[in-house]
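Trainee: Here is my input; please provide its structure:
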Amino acid sequence: MLLAGDVLGVFSTQNVFSGALYKEYRRHRHSIRCISFLAVAVYLIVNILGREEPEELDMDIHGRWNNDVYWMNNSAEWYGNFLQRPKRDRVVDFDKVTLACDRNTVNTSSCLRYLDTRRRDYETFGNWKEGPEIYHIYVDRACDESPSLMIKSFLFTQPIHAQLWVWMKPTLIEEALCSPSSQKYLPHVEVVLDGAIPSEGQNKRIFFREFDWGKMVMSVPGFEIYKPQDYTVVAQSDIVRFALLSQYEGLYLDMDNLLLRDMSDLYHAPHDWAYEWSYHGCLNTAVLRMRTDSMAGKSITKEAPKWRYWSHPKWFHGDNPFHPYEILQYVAEGKGEIKMLPSVVFDPLWLKTEKIKSHMGELYPNFPSFWSLHKWIVVEEPRMMDFFRGAWSYHWHGGGLKGSEMRGWLKLWDSLFDCHLNGNCPNFYGEMMSGTQKK
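Mentor: Numbers count the residues shown, from 1 in each chain. Predicted coordinates:
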């Protein structure tokens, strides 16, 4: 994959084709494609076919963890060690976090230890905006376990004043309401149709919102040219997140994010932000905070159409004008600003896919590879509170996740979340689902 990027870099420095370079690209495009496909084939052979995976988890042991009684007993060890939620006048100092987690000088475990133990050092005074914190996810496929696991992690970690707006087509809303995977959190769900504004209170924190491409994307100034049939499903998702955040205050999350701690101090920081894609110096917008009136958002909306056919070739990423590779260029062109947090903050294990194991250090869990999350045998009592402790989330890059595919640590998290939703286990802040604190 890096080889393909290097070849493209010859023709796309600064992501801009001049007329002469474009002619050169056209002349050599077949060679570029062959080299790129060869690089992908080598990557797959080395990283998938040659990957050594541990044996499957013993189902009898797994069954022991898949019940409330186990987690009720296990959570007793958390008492006295509960996490503290951010104070309402504190926000994250991005410069301090970026320095303390600089991938060139600091390994992943040291960064996570800093985030976990030095909060007083990297938090500063700041104003929290009144009203609910609004988080958005976009569900574009038949109902599966991925959004359910993410929704459960939201209820487990985020404060009671935070709302999660789940954007879906009406048919998918009907599926989600009937899906077995949603039944545990269904009491916290309210369905909002026809562009109505979700209500506050009434114990509702999850809002299934009706999504229509024409109303939610093409009716937004600057987004009229983006027709869904012109883009892949992935490209549509990249477009949707910017269209939503240009209309509504909030923070966008891909549905394969497992939230690990309260994000309020990040949410209220006075910046637009995302995080770095591995070590490549471009944004990963799987977690994206943007304000409706931000200069960065206006820059992106204005510049994206100009770059639509002059960025990487269509076969590279589906002619996606909002691909993360492009975003920083748009912001720079429009004189806006968007902060880029270190990858470790939301994606603590992804550097392993780039074979940069020296950056890891001692981690828990100590997966042999990034993809071991789904299959890794848990050979001891799982320390859930220590799961990449310090990170705000874990992006598992999983896409769709069927119930039969949820194994290993993801299955453990799902079981723990269910115990909390059943009212039998506290979260990591010592709070029961009713809102009372466990004594």
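
Trainee: shaky segments in the stretch 101-250 of the chain?
Mentor: The stretch 101-250 of the chain contains residues with pLDDT under 70 at 142-144, 200-202.

Trainee: For the closest residue to T117 other than its chain neighbours, what are phi and psi?
Mentor: Leaving out its chain neighbours, the residue that sits closest to T117 by C-beta to C-beta, 6 or more residues apart in numbering is G390, at 7.9 Å. For the C-beta atoms, the positions are set from N, CA and C on the backbone; glycine is no exception. Per-residue torsions, G390: phi 110, psi -30 (degrees, to the nearest 10).

Trainee: tell me the contacts of G390?
Mentor: Counting by C-beta atoms under 8 Å, 6 or more residues apart in numbering, G390 makes contact with C111, L112, R113, Y114, L115, D116, T117.

Trainee: can you pull the buried residues of the host helix or strand of the fourth one?
Mentor: If you go by DSSP states H and E, Y114 is part of helix 108-117. Taking 16 or more other C-beta atoms under 10 Å as the basis for neighbour counts, the residues of helix 108-117 that come out buried are T108, S109, S110, C111, L112, R113, Y114, L115.

Trainee: just curious, which of these is nearest to A235?
Mentor: The nearest member of the buried residues of helix 108-117 to A235, counting by C-beta to C-beta, is T108 at 30.3 Å.

Trainee: List the contacts of stretch 194-205.
Mentor: Against stretch 194-205 from outside (C-beta under 8 Å, 6+ apart): 132, 154-155, 160, 162-165, 187-190, 192, 207, 209-210, 215.

Trainee: if you set the cut-off to 6 Å instead, what comes out?
Mentor: Residues outside stretch 194-205 that contact it (C-beta atoms under 6 Å, 6 or more residues apart in numbering) are Q163, H188, E190, V192, F207.

Trainee: Span of it from start to end?
Mentor: 19 Å (C-alpha to C-alpha, to the nearest Å).

Trainee: Only the buried residues of that stretch, if you could.
Mentor: Neighbour count says stretch 194-205 has P198, K204, R205 buried, by 16+ other C-beta under 10 Å.

Trainee: Include distance to P321 when you put these into a markdown table, please.
Mentor: Formatted as a markdown table, the buried residues of stretch 194-205 follow (distance: C-beta to C-beta, whole Å):
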| residue | distance to P321 |
| --- | --- |
| P198 | 30 |
| K204 | 35 |
| R205 | 33 |
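
Trainee: can those residues go into JSON lines with extra columns for secondary structure?
Mentor: Compiled in JSON lines, the buried residues of stretch 194-205 are given as follows (DSSP: H, G, I helix; E, B strand; the rest coil):
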{"residue": "P198", "secondary structure": "coil"}
{"residue": "K204", "secondary structure": "coil"}
{"residue": "R205", "secondary structure": "coil"}
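
Trainee: Going by distance to V240, which of those wins?
Mentor: P198 (18.3 Å).
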